[in-house]
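[1] model this:
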Amino acid sequence: MEFWFSEFHTPDVKHSIRVDRHLYSRQSEFQHIDVFETPEFGRVLALDGNVMLTERDEFIYDEMITHVPMAVHQNCRNILVIGAGDGGVVRELTRYDRVESIDLVEMDPAVIEACRNFLPGNACRLDDSRVHIHFENALKFIRRCEAVYDLIIVDSTDPFGPSEGLFTKEFYGSCYHALKADGIMVNQQGSPFYHEDAVAMQRSHQRIASTFPISKVYQAHIPTYAAGYWLFGFASKKYHPINDLNVEEWEKLHLHTRYYTPRLHVGSFWLPAFLEEMLREVE
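    Next comes the predicted model:
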């Protein structure tokens, strides 16, 4: 008998992946965690029935949420990562020698435990001496911070359920105050394709744009996410994501990437017409 894992993208659309083995299943204090072994996408991490990452395409998400701001802010040394308990964002950040400190705020210790055991390719740099893991509520954590960070990466789940508080105007205001005078915040904005997701994306963008003087949206193609089309938010007190991109300095680092390039960086901010129109509706 074949075993398939299915994730509903809407009540009328679901994405299914054939599973070879169900490696891990646990109900933590916060959510249900599963790890599957699949023939097409390798190991898959799911939280509450939603795909968080697959070994096959996680590099796209992690590179785009990390290298876009790092290529713009050349003096980025102190970083806050919210969520991202799988370790992929931390892995990419630790490739930069200039990074001095990474605070990783993860609500659920069980996620990190599962990823250490079953997704070592993501969790491989969680023990780096620059990484400090905090198991607590991100909203409470960031309220205590004032002008501390050069970069905040909000790698949350979708704006429903446990992560809903990470998409509020209050939260974005706390991020603003936690950043230094030239700080950047990036966050995942979901997919604009399905109606409910599009409305959540518009609401999030409006709240960020009303908080930061510079607020842009950029895109990536991630096959296992809803509609295969994913958005990120770039918000900054000072830096423009294209005008302040320093291609030569980033290329001097000789970082091997599988998806991100400076040319793609620029192109990712050129949005399709329907998305430009959606963003104009809330600006």
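[2] all helices of the stretch 151-283 of the chain, in order?
    Taking DSSP state H, counting those that start in this stretch to define them, one finds helices in the stretch 151-283 of the chain at 169-178, 195-209, 247-251, 262-267, 273-280.
[3] should've said the stretch 1-150 of the chain
    58-72, 88-93, 109-118, 120-123, 138-143.
[4] same question for the last one, mean pLDDT?
    This means helix 138-143. The pLDDT scores in helix 138-143 average 92.
[5] Residue 126 contacts residue 90, correct?
    Yes: Residue 126 is in contact with residue 90 according to Cβ atoms under 8 Å; the separation is 6.0 Å. Bear in mind the C-beta positions are built from the backbone N, C-alpha and C, glycine included.
[6] With neighbour numbers in mind, choose between these two.
    Per other Cβ atoms under 10 Å, whichever of residue 126 and residue 90 has more neighbours is residue 90, with 29 against 21.
[7] the longest strand in this protein is where?
    When the chain is parsed with DSSP state E, its longest strand is strand 179-190.
[8] can you give me how far that strand is from the chain middle?
    Centre-to-centre, strand 179-190 and its host chain are 11 Å apart (Cα atoms, centre = their mean, to the nearest Å).
[9] coming back round to it: so for residue 126 and residue 90, which residues contact both of them?
    Residues within reach of residue 126 and of residue 90 at once, by Cβ atoms under 8 Å, 6 or more residues apart in numbering, are residue 104.
[10] Local confidence estimate at residue 166?
    For residue 166, pLDDT reads 63.
[11] actually residue 87, sorry about that
    For residue 87, the model assigns a pLDDT of 97.
[12] swap in residue 152?
    Residue 152 is assigned a predicted lDDT (pLDDT) of 98.
[13] check contacts around it.
    So residue 152 contacts 79-82, 142, 175, 178-179, 183-186 (Cβ under 8 Å, 6+ apart).
[14] Please apply the same query to residue 218.
    Neighbours of residue 218 in contact, by Cβ under 8 Å, 6+ apart: 64, 68, 231-232, 234, 241, 268-269, 271.
[15] same question, residue 266
    With Cβ under 8 Å, 6+ apart, residue 266 has these contacts: 242, 245.
[16] one step back: what's the least confident stretch among the helices of the stretch 1-150 of the chain?
    helix 138-143 (a mean of 92).
[17] Can you list the buried residues in that helix?
    138, 141-142 (16 or more other Cβ atoms under 10 Å).
[18] same deal with stretch 255-270?
    For stretch 255-270, burial by neighbour count (16+ other Cβ under 10 Å) applies to 259-262, 264-265, 268-269.
[19] What is the nearest of those residues to residue 210?
    The nearest member of the buried residues of stretch 255-270 to residue 210, counting by Cβ to Cβ, is residue 269 at 20.0 Å.
[20] surely the closest one meets residue 241?
    Yes: taking contacts as Cβ under 8 Å, residue 269 lies within contact range of residue 241: 6.1 Å.
[21] Between these two, which contacts overlap?
    Common contact partners of residue 269 and residue 241 (Cβ under 8 Å, 6+ apart): 216, 218, 234.
[22] would you turn those into TSV with distance to residue 50 and pLDDT?
    As requested, those are arranged in TSV below (distance: Cβ to Cβ, whole Å; pLDDT from 0 to 100):
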residue	distance to residue 50	pLDDT
216	26	97
218	22	98
234	24	98
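[23] Inside strands: which ones of those?
    216, 218, 234.
[24] one step back: against which helices or strands is the longest strand of the chain packed?
    Other helices and strands packing on strand 179-190, by 3 or more Cβ pairs under 8 Å, 6 or more residues apart in numbering; DSSP states H and E, are helix 58-72, strand 149-155, helix 169-178, helix 195-209, strand 229-236.
[25] buried stuff in it?
    Neighbour-count burial for strand 179-190 [16+ other Cβ under 10 Å]: 179-180, 183-190.
[26] List just the nearest of the residues you listed to residue 100.
    Looking across the buried residues of strand 179-190 and measuring by Cβ to Cβ, the closest to residue 100 is residue 180, at 13.2 Å.
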